[in-house]
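>>> Fold the following for me, if possible:
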Amino acid sequence: MNFTGLLIGAVVGMWLTHNLLGALIGGMIGFMFDASRQQSQRRRAPVQGGYVAPLFALIGAVAKADGRVSEAEIAIAERLMARMNLDQDDRAKAIDAFNEGKQPEFNANEVIDQLRQWVGHRRDHAFPVIDVVIETVLAEGSSPSPEKMAILRQLAFALRVSDMELMALMAMKGYAWNGQAGGNRGYGGPRGNGGYVPPQRNTQGPDPYAVLGIQRDSDERAIKRAYRKLISEHHPDRLGDLPEDMRRRAESRASEINAAYERIKSERGFK
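Predicted structure coming up:
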């Protein structure tokens, strides 16, 4: 353990109080500071290497959630590796992580927590991570299994993305919910239904209201407010050091949001 804080605290305590009691108190404060800092560093250790391993492990867990890993799900993982331009070492890590994630005893909670730490408070980073996992959830084209959706919703909850926002992200993939997802639309628990209704493929393209996460009877003010909030969270210019593949995803989502807003404006007749 590093005792720098203890020593500095003791010296400062002695300098301020000119007695051993002050040095002792200062040393204790410094020791507590050192302990807190090192504990924080240990919590961050699993994600110091980035997001690649926990992300592909979670993708593997999602693929295996319904009992088998399909060719379509393997293809999704391979395409993602190619789009991310992983070097040889990172590609090997991604493959190992995917294979680990699809093991029956794998605990998805740990990698979800690692992704949560990597994302931090950056909601503009949370959405691309969820977008990647959605691709695996929807890889087989039919309605995803409850097991896959449970992992996806657990990830969304950990990254502070609500059910309504998750619906909007899936709507951008051409999926729409049958009926209204009532109940808790906030940051509901990962195991609760929250009024969730399994999605079905929308052959006519994304519902613009679902993309903006609003009801069809929303007024003009609510529509504009929802659009401004979404476009600010998904705008590529805010993404900083996000990997190129995830940046492209953000650009695609921003285009979908703009298209949905323009379509609603045209239908409603407002500017």
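
>>> For Arg253, list the residues it contacts.
Residues near Arg253 by Cβ atoms under 8 Å, 6 or more residues apart in numbering: 127, 131, 169, 172, 234. Every residue, glycine included, has its C-beta placed from N, CA and C.

>>> how much space between the first one and Lys265?
By that I understand Phe127. Phe127 sits 23 Å away from Lys265, going by Cβ to Cβ, to the nearest Å.

>>> and the next element down the chain from the helix or strand of the chain with the lowest mean pLDDT?
Least confident element among the helices and strands of the chain, by mean pLDDT, DSSP states H and E: strand 199-201 (a mean of 45). Scanning forward in sequence from strand 199-201 by DSSP states H and E, the next helix or strand is helix 208-212.

>>> Run through who's touching that next one.
167-168, 171-172, 176-177, 215-216, 218, 223, 226-227, 230, 256-257, 259-261, 263-264.

>>> one more time with 7 Å, if that's ok
Residues outside helix 208-212 that contact it (Cβ atoms under 7 Å, 6 or more residues apart in numbering): 167-168, 171-172, 176, 215-216, 223, 226-227, 230, 256-257, 260-261, 263-264.

>>> ok so, going back, mind checking which of Phe127 and Lys265 has more residues around it?
Phe127 (26 against 16; other Cβ atoms under 10 Å).

>>> What is the burial count for Ala82?
11.

>>> what's the helix or strand for it?
helix 71-83.

>>> So which bits of that helix are buried?
Of all the residues in helix 71-83, those buried under the rule 16 or more other Cβ atoms under 10 Å are 73-74, 76-77, 80-81.

>>> quick check, nearest of those residues to Leu55?
The shortest gap between Leu55 and any of these belongs to Leu80, at 8.6 Å (Cβ to Cβ).

>>> pretty sure Val62 is touching Lys148, no?
Yes: in this structure Val62 lies within contact range of Lys148 using Cβ atoms under 7 Å: 5.4 Å.

>>> Specify which residue of those two has the higher count of neighbours.
Using other Cβ under 10 Å as the criterion, Val62 and Lys148 rank with Val62 on top: 30 against 24.

>>> Can you say which helix or strand has that one in it?
helix 52-64.

>>> How about Ile25?
helix 20-44.

>>> Which neighbours do Val62 and Lys148 have in common?
Shared contacts of Val62 and Lys148, counting by Cβ under 7 Å, 6+ apart, come down to Val137.

>>> can you pull out the helices in the stretch 51-200 of the chain?
Along the stretch 51-200 of the chain, counting by DSSP state H, counting those that start in this stretch, helices occupy 52-64, 71-83, 88-101, 108-119, 123-137, 146-158, 163-171.

>>> Show me what counts as buried in the shortest one.
Pointing back at helix 163-171 there. Applying 16+ other Cβ under 10 Å to helix 163-171 flags 163, 165-171 as buried.

>>> any idea of the mean pLDDT for that helix?
Averaged across helix 163-171, pLDDT comes to 81.

>>> got it, and the longest one?
Within the predicted structure, the mean pLDDT of helix 123-137 is 86.

>>> which strands and helices sit next to that helix?
helix 52-64, helix 71-83, helix 108-119, helix 146-158, helix 163-171, helix 220-234, helix 244-268 (3 or more Cβ pairs under 7 Å, 6 or more residues apart in numbering; DSSP states H and E).
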